[in-house]
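# A structural model of the following input is requested.
(chains A and B)
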Amino acid sequence: MPNTKELQDLVIQVRRDILRMVHNVNSGHPGGSLGCTEFMVALYNEIMDLKEGFDMDGIGEDIFFLSNGHISPVFYSVLARRGYFPLEELNTFRLINSRLQGHPTTHEGLPGVRVASGSLGQGMSVAIGAALAKKLNGDDHLVFSLHGDGELQEGQNWEAIMFAAGNKVDNLISTIDRNGQQIDGPTEKVLPLGDVAEKFRVFGWDVLEVESGNDLERVIAGLKEAKSRTGKGKPVCMVMDTEMGHGVDFMMHTHAWHGKAPNDEQLATALAQNPETLGDY
Amino acid sequence: MTKYTDQGKQDTRSGYGAGMTELGRTNPNVVALCADLVGSLKIETFIEENPERFFQVGIAEANMMGIAAGLTIGGKIPFASSFANFATGRVYDQIRQSIAYSDKNVKICASHAGLTLGEDGATHQILEDIGLMKMLPGMTVINPCDFNQTKAATIAIAEHHGPVYLRFGRPKVANFTPVDQKFEIGKALMLSEGTDVTIVATGHLVWEALQAAESLENQGISAEVINIHTIKPLDEKAILDSVKKTGCIVTAEEHNYLGGLGESVAGVLGMHHPTPQEFVATKDTFGESGTPEQLMEKYGLNNKAIEAAVLRVLKRK
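Residues are numbered from 1 along each chain as shown, chains lettered A, B, ... in the order given. Sure thing, here's the model as predicted:
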């Protein structure tokens, strides 16, 4: 099992990957990707029980669904560095004939991806379905999902939230990336979400809150705590406060970098703040 | 012409229910979902016999489509059912992204399609669903004609890997196809051979086409009647072989002429064998309340309308 130092190095390297990927094609979504880097690294390298290789059914292992598909850069980097596909393939992000589409998809057969996402608000329903399949199969592994906070404005989530509680889908851990930002500005200005944790609670979920979603150790502790709460009759929600653009000073404290790539100069500055650790792709 | 006998009127949705009952007993991977319409979809027996394989999602069709997509991960074969309007138009993007684009093995099973659900009116009478579903890459679209064929189609789609849209209806209609006829996806059925005109019909209009052919025979016109239960993939060869013989065609469906079977047929003919065609379909309109018979009469979807279309198309040969 990797120690925290190794994971910390991986976090920095993944941040470099994200920045270089979006810079290379002058498009993509660095902000949310940088904000969820600690979470994704922890999930795939410390928390989930994974088999070698990839098969769609994922029987006998934990599985993950990314509902906010626009943060594909962090997903692709973490998958590649976990060995799902060759690292060099990160070079093809958003290019023609690539398996690394702008938003993740199963359509091109990229290992590690189990459903397309991008059109928001659909991932929790899919995760619930996969969790139900695990129960039917007598598979006691878990289903994890990640959702943007802005994404909760899509009504389908609340159908799913009601269903999961009502049907005791207690092998599901859904994490909400509470960065408070969306394309048009702060979530509380665009369409206020209010107390997200309390909303899940009154809908019948077991909720825990992680205040520092960019503190690796606290994210790991939070996910371990979330795991310990599964199997007790309630779906588990982890509301995680993160900083969009974390790790790059000029990308933080703003929604401006939600879907914008850095230019050459900005990339150099951003990479200097995240010195190479495990080797660039 | 070949004569067919009504074995006793039944609703096609009950054919779906009967198919689900059989699948519940024979295929342990089949699971069912429904959005608060269990009685209307006739799946009570499946639920009674397999309670752990049924998921009641409530009035939440978007969530139902997503859950169905997720259930395939782990090898389940979900049959997600509702009324045709709520199972297609209402949840188009969920079907598009989570099911079709994600290549998920989900069966979308839709009752109360078309005008013949009757008195509930246009909010519930979708006439655009075939078009919506056939435009999705990889989606198979099936509209069986009677109880027996709907039951057979329900059983057949469980064996087919990939997303399927299965469309059926509410009213009791003639049940005339053989009880044990095997359902082959994409294979049109020749119901009656003829030489003067081809009638290609789907769903409830197949029986109407047979009635029209009988009346035409009495007028000395020989109509070939083909049951196209699968609109996508379309049995192009069956259509082309027939029009090469007859030289004209009438398509008949309980659907808007835009986006329906007729449009698919016109595409094939335009590409390979331009042929005069008349459409028996709704003319870009919404429906309204009324009895099924009144609606089919008013919107020109019954045997009389097919007969009139044949007489028109014959003049264009």
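# ok, A:Val169 - contacts?
With contact set as CB atoms under 8 Å, 6 or more residues apart in numbering or on different chains, A:Val169 has these partners: A:Ile128, A:Ala131, A:Leu132, A:Phe163, A:Pro235. In short, each C-beta sits where N, CA and C put it, glycine included.
# most neighbours among those, which one?
A:Ala131 (33 neighbours; other CB atoms under 10 Å in any protein chain shown).
# now the contacts of A:Val169 as TSV including pLDDT and secondary structure?
Converted to TSV, those look like this (pLDDT from 0 to 100; DSSP: H, G, I helix; E, B strand; the rest coil):
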residue	pLDDT	secondary structure
A:Ile128	99	helix
A:Ala131	98	helix
A:Leu132	98	helix
A:Phe163	98	helix
A:Pro235	99	coil
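# out of the residues you listed, who's near chain B?
Among those, the residues lying close to chain B (CB under 8 Å from any CB of the partner chain) are A:Ile128, A:Ala131, A:Leu132, A:Phe163.
# pick out the most distant pair among those.
Across those, the longest distance by CB to CB is 10.8 Å; it joins A:Ala131 and A:Phe163.
# helix/strand/coil for the residue located most distally from the centre of chain B?
Of all residues in chain B, B:Gly220 sits farthest from the chain's C-alpha centroid, using CA atoms, centre = their mean; the distance is 30.5 Å. What DSSP: H, G, I helix; E, B strand; the rest coil gives for B:Gly220 is coil.
# for chain A, what's the longest helix?
Longest among the helix segments of chain A by residue count, using DSSP state H, is helix A:4-25.
# can I get that helix as CSV, trimmed to CA atoms?
This file holds the C-alpha atoms of helix A:4-25, laid out as CSV (Å, rounded to 0.1, in the frame of the first residue of the first chain):
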residue,chain,number,x,y,z
THR,A,4,1.2,9.3,2.0
LYS,A,5,4.5,10.7,0.6
GLU,A,6,4.1,8.6,-2.6
LEU,A,7,0.5,9.6,-2.9
GLN,A,8,1.4,13.3,-2.4
ASP,A,9,4.0,12.9,-5.2
LEU,A,10,1.3,11.4,-7.4
VAL,A,11,-1.1,14.3,-6.6
ILE,A,12,1.5,16.8,-7.9
GLN,A,13,2.2,14.7,-10.9
VAL,A,14,-1.5,14.3,-11.8
ARG,A,15,-1.8,18.1,-11.5
ARG,A,16,1.0,18.5,-14.0
ASP,A,17,-0.8,16.0,-16.3
ILE,A,18,-4.0,18.0,-16.1
LEU,A,19,-2.4,21.2,-16.9
ARG,A,20,-0.3,19.8,-19.8
MET,A,21,-3.3,18.0,-21.2
VAL,A,22,-5.6,21.0,-21.4
HIS,A,23,-2.8,23.2,-22.6
ASN,A,24,-2.0,20.8,-25.4
VAL,A,25,-5.4,21.2,-27.0
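# centre of the chain to whatever helix or strand comes next after that helix, how far?
Moving toward the C-terminus from helix A:4-25, the first helix or strand encountered (DSSP states H and E) is helix A:30-35. Taking the mean C-alpha point of helix A:30-35 and that of its whole chain, the gap between them comes to 10 Å (CA atoms, centre = their mean, to the nearest Å).
# tell me how many other residues crowd the nearest residue to A:Thr277 once chain neighbours are set aside.
Counting by CB to CB, 6 or more residues apart in numbering or on different chains, A:Thr277 lies nearest to A:Asp9, which is 3.9 Å off, once chain neighbours are set aside. Per other CB under 10 Å, the neighbour tally for A:Asp9 reads 15.
# gap between A:Asp9 and chain B?
With distances defined as CB to the nearest CB, to the nearest Å, the gap from A:Asp9 to chain B amounts to 32 Å.
# is A:Gly194 in a helix, a strand, or coil?
coil.
# can you give me the neighbour number for it?
Counted with other CB under 10 Å, residues neighbouring A:Gly194 total 9.
# show me the contact partners of the host helix or strand of A:Val41.
Under the assignment given by DSSP H and E, the secondary-structure element containing A:Val41 is helix A:37-42. The contact list for helix A:37-42, computed with CB under 8 Å, 6+ apart, reads A:7, A:10-11, A:14-15, A:18, A:74-75, A:78, A:146, A:175, A:177, A:213-216, A:219-220, A:223, A:240, A:242, A:246-247.
# by contact count, what packs against the helix or strand that it is followed by?
Tracing the chain past helix A:37-42, the next element assigned as helix or strand by DSSP H and E is strand A:63-66. Where contact means 3 or more CB pairs under 8 Å, 6 or more residues apart in numbering or on different chains; DSSP states H and E, strand A:63-66 is packed against helix A:123-136, strand A:143-148.
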